[in-house]
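# no sequence on this one, just coordinates:
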């Protein structure tokens, strides 16, 4: 189980910048870090995929939401993120920032289920990483 430090300041900045760039305003985003067994359960329950994943996003922008300012929840598994970072040759901190940006874009309605959707998300992730002063090639 991963027990590292979460780069909280950078993560908040990534969410804020993504929201400001995409919709021109700040919204609340809940961010939860969970162990691999829990993200696998969530992935099975909500996406019908019996496997671990690095990030899930749950939009709360409907008429039944109790607060208009809450956009949704991003759930990240640092264990899976750590493995992905190692495979891709960059730091866990960079991977976590990428996942937060990716999850925020999902909350805003972007999807990567099609080739064109995936290309759009990758382009937007690179733009935001660049604005954060990070390497774009981590995507």
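Sure, I can see it. Since the structure is predicted, the reported quantities are computational estimates derived from the model, not experimental observations.

# And residue 138, how far from residue 72?
Separation of residue 138 from residue 72 (CB to CB, to the nearest Å) stands at 24 Å. No exception for glycine: its C-beta is placed from N, CA and C like everyone else's.

# same check, this time on residue 117
In terms of CB to CB, residue 117 sits 18 Å off from residue 72.

# What of residue 6?
19 Å.

# Which of the two has more residues huddled nearby?
residue 72 (19 against 14; other CB atoms under 10 Å).

# Name the residues of the one helix or strand the more buried one maps to that are buried.
Element membership of residue 72, judged by DSSP states H and E, is strand 70-76. Across strand 70-76, burial judged by 16 or more other CB atoms under 10 Å covers 71, 72, 73, 74, 75, 76.

# Pairing partners for that strand, with directions?
strand 28-33 (parallel), strand 55-59 (antiparallel) (DSSP bridges).

# of the ones you listed, which approaches residue 131 most closely?
strand 28-33 (17.5 Å; CB to CB).
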